[in-house]
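1. Attaching a predicted model along with its sequence, questions to come.
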Amino acid sequence: TGSLIKLVYFSRHEDRSVDGKRKKTVNERLGISNGSRRSYPILGGRLHFVKFETSKINECLDFISSKQLHRGGLDARHWNSEVLANENAVIKATGGGAYKFADLFKERLGISLDKEDEMDCLVAGANFLLKAIRHEAFTHMEGQKEFVQIDHNDLFPYLLVNIGSGVSMIKVDGDGKFQRVSGTNVGGGTYWGLGRLLTKCKSFDELLELSQRGDNRTIDMLVGDIYGGMDYSKIGLSASTIASSFGKAISDNKELEDYRPEDISLSLLRMISYNIGQISYLIALRFGIKRIFFGGFFIRGHAYTMDTISFAVHFWSKGEAQAMFLRHEGFLGALGAFMSYEKHGLDDLMVHHLVERFPMGAPYTGGKIHGPPLGDLNEKISWMEKFVLKGTKITAPVPMAPSGTTGLGGFEVPSSKGGTLRSDASALNVGVLHLVPTLEVFPLLADPKTYEPNTIDLSDHGELEYWFTVLSEHMPDLVDKAVASEGGTDDAKRRGDAFARAFSAHLARLMEEPAAYGKLGLANLLELREECLREFQFVDVYRSIKQRENEASLAVLPDLLAELDSMSEEARLLTLIEGVLAANIFDWGSRACVDLYHKGTIIEIYRMSRNKMQRPWRVDDFDRFKERMLGTAEKPPCPHKRALLFVDNSGADIVLGMIPLARELLRRGTEVVLVANSLPALNDVTAMELPEIVAEAAKHCDILRRAAEVGGLLVDAMINTQDGSKEISSSVPLMVVENGCGSPCIDLRQVSSELAAAAKHADLIILEGMGRALHTNFNAQFKGDALKLAMVKNQRLAEKLIAGNIYDCVCRYEPAS
């Protein structure tokens, strides 16, 4: 557009090399081959969205140059040396600027702009976003955003209404299949042009800002003005309906200066928005199209504009049609131009391959962004240090950078003076899209389309406020642990402080605009915190605590196993489930539990927790589970083929809770796969740490040792039995796979390909812990038998979910649906 430059770029990142031996054995066991069906691999990477004001084109050029984007990026040397050698690089561009700035790009950076057709780009960008991003589309009525999940098999046809200076209406029938079916010359340019003449406003944003404080009744003729304040109910018009825009100006003996610029701006905005809304609906009606998406610089994420268009479509269609908007509105053309590169490998991306993250300084789609583009961690830290929080407003000491500069700075600066509602109060943040080709949908979900991981809906403001308080109160303790985990150095303290400011800024942003980051559940909020820690290079905050707790628990494991082995089958099964629930009390994410740690050693707490286990539990399906496991007089037991055990915390939880349960399943001839986090989150055990814990536990137990050897967990272990070969071949394997995530919760629409492969033959799923079995997946339905086990360590969650109290237990068993 004439006012903003949008830049979309892709950065590759190398795969972390994971413990190869475990992976190799697991992959062989699960039948995963390394051969890919693609002729060229999709590399993992990130899709970045940045914007600059056209008047600051030099900043854009500096940014491209500093990140070497015109030479394939800073990481080009790792993956493609040809790009560097090629000095005559080409950047794809679309829109008027592709012509206007072509010489400047050539002169400053030595690159040619390859001009792509603007409409091709808009449609390609919209198609990509609607297919690849889960909650890209939203409706906007009376200030309320509702994110809409669109089934990409049912996406076409749709009408794309692009409101720039003029308006284009494009009927989209598929990828690359579209036609411009209509348009109108009354668009954003009309609003800006007339607005300038009538109000003397200098900029488009200033004009929008004025409309916010306007009252159109002083200028527009309403139905009530004609009918003495009455509705014209016979034809369904209310008294407040506009009969004639600017109609009152005829009869009033007033000059232009007698009208408030605010009122003029609002009348004008309504006149143009209603007109566009009406024409769009009529075109959709003519072609039998259900969905209308609006975009273009006129919208700018401006709440009132979206409301007005939505109202018009709703009014003229009598509620049959809905206006929808896109979160990445404004980047459609740039994204389409990016998509036009041959071999970008993004064509058959699925929604489960993309994970959106919000690093500090993720740009807004509407409104201004303030601050310099940030290069490295150090710049980011000094940027965070300059921020001060006042209430929920975050301000940077001025002058910090030339006002209104854009790029990857931190926060936008309100353009308005005084306490008025900003024109971009509803502007949405655009994150960085991480492309993870190895993510898949968990194959055992009964219905992936209707699956919603989050049990707690944060669109309820009270709920949001409560969890924000919990997270804010937990912050000082977390920062202390984070700094200590990096040796308490000055550098670690600086990073810890920057993390606290950054995460507080995220929370403040969300309190102000809960929909800023798209559809948000508690799981996303907890993940945002972990991401934020990683952004400031805190890799594993609880590392030493986890090691200490694992060692203490492993020391008492042999006694526990001996005690279990002395019991009858029935008593043992109950003791095992009690053991899992009791051990699930350990959780550094819970305030109540952190207080417990001051009262005794973890073994003392575990014993206390075990002794308090009184049945019936708050949710108690143990008897049904026991029947399935042990059979009845009429029905002998039939062991499960393979069980997936989603594990939770380190220490007693894994060692004294889940490993003994895994051992019992192995003893019954069920293959066991322990599913753990790919990246650290709180004190959760990771897939990298598990093999060592299992190896340690196996020293005292033949069942575990044999199963771990078959499952490839003890690759280097010596086989001590006299005739081991026969014994081992008859044993079922114990395996470890990573789940593909780094959060205390799990969204089963995005799991690692190795977990998806392991799930194919599984018929029992055990989800353990508050994050994976209560915050998320409490209501999830599966194709296999499911057991959800957790101790509730939060009073509010207990009340909401199970009408119970803190420390109540959940043992929910659901046979395959």
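-> Looks like it arrived, so ask away.
2. going forward, measure contacts and count neighbours with C-alpha atoms only.
-> OK.
3. Could you list everything Ile766 pairs with in the sheet?
-> Here Ile766 shows beta-bridge partners Leu645, Leu787, assigned using DSSP bridges.
4. Could you check how far it is from Arg772?
-> Relative to Arg772, Ile766 is positioned 10 Å away (CA to CA, to the nearest Å).
5. Mutual contacts of the two, please.
-> Phe646 (CA atoms under 8 Å, 6 or more residues apart in numbering).
6. Looking at the two, which has the bigger crowd around it?
-> More crowded of Ile766 and Arg772, by other CA atoms under 10 Å: Arg772, with 26 against 21.
7. What residues does the more buried one make contact with?
-> Phe646, Asp648, Pro744, Cys745, Ile746, Phe778 are the contacts of Arg772 under CA under 8 Å, 6+ apart.
8. pLDDT wise, what is Val715 at?
-> Looking at Val715, its pLDDT is 61.
9. coming back round to it: tabulate the contacts of Arg772 (TSV), appending distance to Glu578.
-> Shown next, in TSV, are the contacts of Arg772 (distance: CA to CA, whole Å):
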residue	distance to Glu578
Phe646	17
Asp648	16
Pro744	22
Cys745	22
Ile746	24
Phe778	19
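10. Turn these into CSV, columns for pLDDT, neighbour count and distance to Phe178.
-> Listed next are the contacts of Arg772 as CSV, based on pLDDT from 0 to 100; neighbours: other CA atoms under 10 Å; distance: CA to CA, whole Å:
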residue, pLDDT, neighbour count, distance to Phe178
Phe646, 98, 23, 46
Asp648, 96, 29, 49
Pro744, 94, 25, 44
Cys745, 95, 26, 41
Ile746, 96, 25, 38
Phe778, 97, 20, 43
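11. wait, isn't Glu754 in contact with Glu738?
-> Yes. Taking CA atoms under 8 Å as the definition, Glu754 is a contact partner of Glu738 at 7.2 Å.
12. quick one: the helices in the stretch 301-450 of the chain?
-> All helices of the stretch 301-450 of the chain, identified by DSSP state H, counting those that start in this stretch, fall at 303-316, 332-339, 377-385.
13. And those: which comes nearest Glu146?
-> Comparing the helices of the stretch 301-450 of the chain by their distance to Glu146 (CA to CA), the top pick is helix 303-316, with 12.4 Å.
14. which residues sit against the closest one?
-> Applying CA under 8 Å, 6+ apart, the contact partners of helix 303-316 are 139-143, 212, 269-270, 273-278, 280-281, 299, 319-325, 423-427.
15. Same check on stretch 98-115?
-> Leu61, Ser65, His70, Glu87, Asn88, Ala89, Val90, Ile91, Lys92, Ala93, Thr94.
16. Same question for the first one, what's its three-state structure.
-> Okay, so that is Leu61. With DSSP: H, G, I helix; E, B strand; the rest coil as the basis, Leu61 sits in helix.
17. Could you check how far stretch 464-471 is from the centre of its chain?
-> 18 Å (CA atoms, centre = their mean, to the nearest Å).
18. please begin residue numbering at 39 from this point
-> Will do, 39 is the new start, and the previous item becomes stretch 502-509.
19. Averaged pLDDT, it. What do you get?
-> 91.
20. One more: stretch 549-569?
-> 87.
21. first vs last residue of that stretch, how far apart are they?
-> 19 Å.
22. Only the buried residues of that stretch, if you could.
-> 549, 552-569 (16 or more other CA atoms under 10 Å).
23. contacting residues around the residue lying farthest from the centre of the chain?
-> Residue farthest from the centre of the chain, counting by CA atoms, centre = their mean, is Asn291 at 56.1 Å. Contacts for Asn291 (CA under 8 Å, 6+ apart) come out as none.
24. sorry, back to before: the contacts of helix 341-354, buried ones only, as a ChimeraX selection?
-> Per 16+ other CA under 10 Å, the buried members of those correspond to this ChimeraX selection:
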select :177,178,179,250,307,308,311,312,313,314,315,316,318,319,337,359,360,361,362,363,461,462,463,464,465
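25. Could you list which of the contacts of helix 341-354 belong to strands?
-> Within the contacts of helix 341-354, residues falling in strands by DSSP state E are Thr177, His178, Met179, Gln360, Ala361, Met362, Phe363.
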